[in-house]
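model this:
(one chain, ligands or ions: 2)
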Amino acid sequence: MTDPVPVAVLGARGRMGQEVCRTVEAAQDLTLVAAVDIGDELSSVADAGPLVVIDFTHPDVVMDNLRFVIEHGIHAVVGTTGFTAQRLDVVRGWLAAAPDVGVIVAPNFGIGAILSMRFAELAAPHFESVEIVELHHPDKADAPSGTAAATAHRIAAARAAADSPPIPDATTTELAGARGADIDGIRVHAVRARGLVAHQEIILGAEGETLTIRHDSLNRSSFMPGVVLATRQVAAHPGLTVGIDSLLGL
Ligand SMILES: NC(=O)c1ccc[n+]([C@@H]2O[C@H](COP(=O)([O-])OP(=O)(O)OC[C@H]3O[C@@H](n4cnc5c(N)ncnc54)[C@H](O)[C@@H]3O)[C@@H](O)[C@H]2O)c1
Ligand SMILES: O=C(O)C1=N[C@H](C(=O)O)CCC1
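Numbers count the residues shown, from 1 in each chain. Ligands and ions are numbered 1, 2, ... in the order given. I've put the predicted structure just below:
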C-alpha cells in the first residue's frame, strides 16, 4: 500500500474548509498535515510538507496563497472564486517557472453543477434567449458567483462559435441593475437568501418553448467528490487546469 497523500487546507475554519478537512481526514489515501486559516503563518503550510494544498479562502487573498504554494513546489486545488482571465494568465506565468507543479482551479466542484454548465453550453446555440439566475446564501462575498460567471463565458463562447444572433431585449428604460450583470452579453442575476446553499438556473427561450436547467447544491458535501478527485489527480496534471471537466471525461 502507498503512503497517503499529505494535504494542507487553507481556509480551514470556513464553511468549505471545515467540510474539506473532515473529508480529507476520512479518506484513507489522503492525510491532513495542516489546517490553516486567517492569522496563521503561510510558512507553517510549507513546514508541514504537503504534496497538495486545497484553498477555499477569499478572492482577495487567493492569489497570494497560490503564488506562495507554487513557489514552494506544492500542487494546488483551488475552489476559491474570483478568477478572471487575467488572473489565470498570472498563474500560468508563475507555473512557467515551476513546470512540475499542477494547479486545478474550479469555480464549482459539484458534479451536477459541472454537468449543468455542459448542458447549457450544448443548448445555448439552439435558443434565441438565455439568462442565468444564481441563488446563494447571504454570507457569500462575491456576486455573481464564480459558477455563474463561468457558465456565462461558456454559453457566450458556444453562441459565438455557432454564429448565434444577439439575444433579443427591447429594454430602453431600466432601473440600474434590474436586468442583472452583463457577462459577455449574457444577463446574470444574483439572489441572496438565508436558507439557500448554492443553486443556479439557466433559462433558455425560443418561440413557443423554454428550457430551464437547474442545479441545487443542498449542502457542502456535494462539492467533496470533485475536491477529492482533483486532489488525487493534481500531481499528475502539471500546469494549469481550469475546471474538472477533463478529469470527469467531459
Ligand atoms: N469551487 C467550489 O465548488 C466552491 C464551493 C463553495 C464555495 N466556493 C468558494 O470558496 C470560497 C470560500 O467559501 P466559504 O463559503 O467556505 O467561505 P468562508 O468565509 O466560510 O471561509 C473562508 C475562510 O477562509 C479564511 N481566510 C481568509 N483569508 C485567509 C488567508 N489569507 N489564509 C487562510 N485562510 C483565510 C477565513 O477566515 C474563512 O475561515 C469562496 O470564494 C466561495 O465562492 C467554491
Ligand atoms: O457558497 C459559495 O460561495 C459558492 N461559491 C461558488 C461560486 O461562487 O460559484 C460555488 C458554489 C458555492
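
all helices for this structure, in order.
15-26, 43-48, 62-71, 85-96, 111-123, 146-161, 224-233 (DSSP state H).

is ligand 1 contacted by the fifth one?
No. Applying CB under 6 Å from any ligand atom, one finds that helix 111-123 is not in contact with ligand 1, the shortest distance being 7.4 Å. Any C-beta I mention is one placed from the backbone N, CA and C, and that applies to glycine too.

could the helices of the chain go into CSV alongside distance to Ala190?
Below are these laid out as CSV (distance: least, CB to CB, whole Å):
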stretch, distance to Ala190
helix 15-26, 18
helix 43-48, 32
helix 62-71, 20
helix 85-96, 20
helix 111-123, 16
helix 146-161, 7
helix 224-233, 22
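
out of those helices, nearest to ligand 2?
Among these, the nearest to ligand 2 by CB to the nearest ligand atom is helix 146-161 (3.2 Å).

tell me the buried residues in that closest one?
By neighbour count with 16 or more other CB atoms under 10 Å, helix 146-161 contains the buried residues 146-156, 158-159.

cool, stretch 158-177 as well?
158-159, 164, 167.

stretch 76-86 too?
Within stretch 76-86, the residues scored as buried using 16+ other CB under 10 Å are 76-83.

identify the farthest-apart pair in those residues.
Greatest spatial distance in those: Val77 and Gly82, 15.8 Å, computed using CB to CB.

that older thread, and the buried residues of stretch 158-177 as TSV, adding pLDDT?
Putting the buried residues of stretch 158-177 into TSV (pLDDT from 0 to 100) gives the following:
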residue	pLDDT
Ala158	98
Arg159	98
Ser164	98
Ile167	98
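
from those residues, pick the one nearest Ala235.
Once CB to CB is applied, the member of the buried residues of stretch 158-177 that ends up nearest Ala235 is Ala158, at 31.7 Å.
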